[in-house]
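Enquirer: Show me the folded form of this:
(one chain, ligands or ions: 2)
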Amino acid sequence: MKAFEFHTTKSITVERGAAARLAERLRDLDYKSVMIVTDAGVLQTGLLEPTLRNFAELGIAVSVFSEVVADPPEAVIQQGIYAAQQQQADCIIGFGGGSSMDAAKLIALLCHSEQALCDVYGVNAATGQRLPLVLIPTTAGTGSEVTAIAIVTTGKNEKKGVVSPLLLPDLALLDAELTLGLPSHVTAATGIDAMVHAIEAFTSKRLKNPISDSLAKDALRLLSANIHTACQHGENIQARENMLLGSCLAGMAFANAPVGGVHALAYPVGARFHVPHGLSNSLMLDAVLRFNLRDAEHLYAELADVVFPAVVGTPQSRAASLLNYLKDLPEDLGIAQSLREVGISESDIPLLAEDAMKQTRLLINNPREIHLSDAIALYKEAL
Ligand SMILES: NC(=O)c1ccc[n+]([C@@H]2O[C@H](COP(=O)([O-])OP(=O)(O)OC[C@H]3O[C@@H](n4cnc5c(N)ncnc54)[C@H](O)[C@@H]3O)[C@@H](O)[C@H]2O)c1
Ligand SMILES: [Fe+2]
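Expert: Ligands and ions are numbered 1, 2, ... in the order given. Model (predicted):
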């Protein structure tokens, strides 16, 4: 066996209603000033209210920083760091989707650090300690609660990642009740994002490993079996819980066997056209998987066995059944199926392809090498 390392969040709780009892859990840790990091959309849902009430009941001071926006820009992180410093926060809670959790990670990391945000981009550039950190996902999703990554929008159109084990939280809390009201189109796009994490981890060229493989398969099994129900019957707690667990398992997988071409080509779509992260991945998925087929067919066939346990046939036909299933998924779930539908036209493609080629951190993991001419062809395919 090839040597490998595997890291994940050291403590994970899966419990319905656990967010409403968070303060009880933290009581013995003697925090004096807890700061919750979220976005306006999550705040508006009222999901935080039971959690805030629990803090009030136990007399633990808590504040809410709700300035996070989708694909958080640097300025929002700076603002959050400043807010945490002002109120001398001694514990940070990320409560929301990937945007809120990523922002919380960086605020916890940099609140008392001598490093600035621009010093920590890249792999293992962050030093020092961070504040205690709890992550509570409300989408299923990014798996950010178990990844050592935070993504920031830099300047106008670029995204950069901070990768550091310091970003793994002390506790990830998976409470499916928080996802019951997630709108259908967000459930679909974030759910497909999680499926892409599982698929790309399983086909990762560089750091594919047996633990990530098991997690990726289980993740894809849970996600594919529950995504339709979660979208059509959002109140189905069992489906919601399976989606949340699936996205967490996929997160663990890709945190150690990193994602590749789909994410590399999706990032410019998200950054330049403000298309949500999950949707931009969904839009590029079919084109990139078909491109990869030449080198990853046997792996796609293995994943097909997970999605369709009864299917028999050659690796070629099984891989094809997986790709066809994934191709139809956006239409079945009622989300956009082409780049044109999100406002992208042919003349945008050269710029998108150039941007994609800068995502070397991701491109190196793709099972088949992607050159500039390939990226152009893939965007045309997805148009
Ligand atoms: N750290 C990682 O490992 C990692 C992995 C993938 C993506 N990301 C990043 O995560 C971000 C995307 O995260 P996301 O897809 O979870 O979306 P998001 O956090 O941007 O949230 C999407 C929308 O859903 C709303 N929302 C969230 N939970 C809700 C709920 N329960 N009910 C109703 N509305 C709710 C939010 O208000 C927001 O408007 C991007 O910045 C992406 O780059 C990070
Ligand atoms: Fe993703």
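Enquirer: got the contact list for Asn365?
Expert: Glu200, Ser204, Lys205, Arg206, Leu207, Ala257, Pro258, Val259, Gly260 (C-beta atoms under 8 Å, 6 or more residues apart in numbering). Backbone N, C-alpha and C define where each C-beta goes, glycine included.
Enquirer: And it, how close does it get to Ala264?
Expert: 9 Å (C-beta to C-beta, to the nearest Å).
Enquirer: Now list the buried members of the contacts of Asn365.
Expert: Glu200, Ser204, Lys205, Leu207, Ala257, Pro258, Val259, Gly260 (16 or more other C-beta atoms under 10 Å).
Enquirer: other SSEs contacting the longest helix along the chain?
Expert: Using DSSP state H to define each element, the chain has its longest helix at helix 277-307. Packing partners of helix 277-307 (3 or more C-beta pairs under 8 Å, 6 or more residues apart in numbering; DSSP states H and E): helix 184-202, helix 210-232, helix 261-273, helix 315-333, helix 372-382.
Enquirer: So the chain: which segments form each domain?
Expert: 11-178, 184-382 (the TED database).
Enquirer: Using TSV, lay out those together with distance to Ala3 and mean pLDDT.
Expert: What follows is the domains of the chain, written out as TSV (distance: least, C-beta to C-beta, whole Å; pLDDT from 0 to 100):
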stretch	distance to Ala3	mean pLDDT
domain 11-178	18	95
domain 184-382	9	97
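Enquirer: To ligand 1, which of those domains lies closest?
Expert: Set against ligand 1 and scored by C-beta to the nearest ligand atom, those come closest in domain 11-178, at 2.2 Å.
Enquirer: Tell me the residues of this protein that contact ligand 1?
Expert: Within the chain, the positions near ligand 1 by C-beta under 6 Å from any ligand atom are 39, 41-42, 45, 47, 70-71, 96-100, 102, 138-139, 141-144, 147, 149-151, 178-179, 181-182, 186, 190, 193, 277-278.
Enquirer: now for the domains of the chain, which one comes closest to Glu5?
Expert: Nearest to Glu5, of all the domains of the chain, is domain 184-382, at 7.3 Å by C-beta to C-beta.
Enquirer: now the closest one, how far from the centre of its chain.
Expert: 12 Å (C-alpha atoms, centre = their mean, to the nearest Å).
Enquirer: Can I get stretch 240-256 as PDB, trimmed to CA atoms?
Expert: Output in PDB follows, covering the C-alpha atoms of stretch 240-256 (Å, rounded to 0.1, in the frame of the first residue of the first chain):
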ATOM      1  CA  ARG A 240     -31.900  15.800   5.500                       C
ATOM      2  CA  GLU A 241     -29.800  13.900   8.100                       C
ATOM      3  CA  ASN A 242     -28.500  11.500   5.400                       C
ATOM      4  CA  MET A 243     -27.600  14.500   3.200                       C
ATOM      5  CA  LEU A 244     -25.800  16.200   6.100                       C
ATOM      6  CA  LEU A 245     -23.800  13.100   7.000                       C
ATOM      7  CA  GLY A 246     -23.100  12.400   3.300                       C
ATOM      8  CA  SER A 247     -21.700  15.900   2.800                       C
ATOM      9  CA  CYS A 248     -19.600  15.500   6.000                       C
ATOM     10  CA  LEU A 249     -18.200  12.200   4.800                       C
ATOM     11  CA  ALA A 250     -17.400  13.600   1.400                       C
ATOM     12  CA  GLY A 251     -15.700  16.600   3.100                       C
ATOM     13  CA  MET A 252     -13.500  14.200   5.100                       C
ATOM     14  CA  ALA A 253     -12.700  12.300   1.800                       C
ATOM     15  CA  PHE A 254     -11.700  15.400  -0.200                       C
ATOM     16  CA  ALA A 255      -9.900  17.100   2.700                       C
ATOM     17  CA  ASN A 256      -7.300  14.200   2.300                       C
END
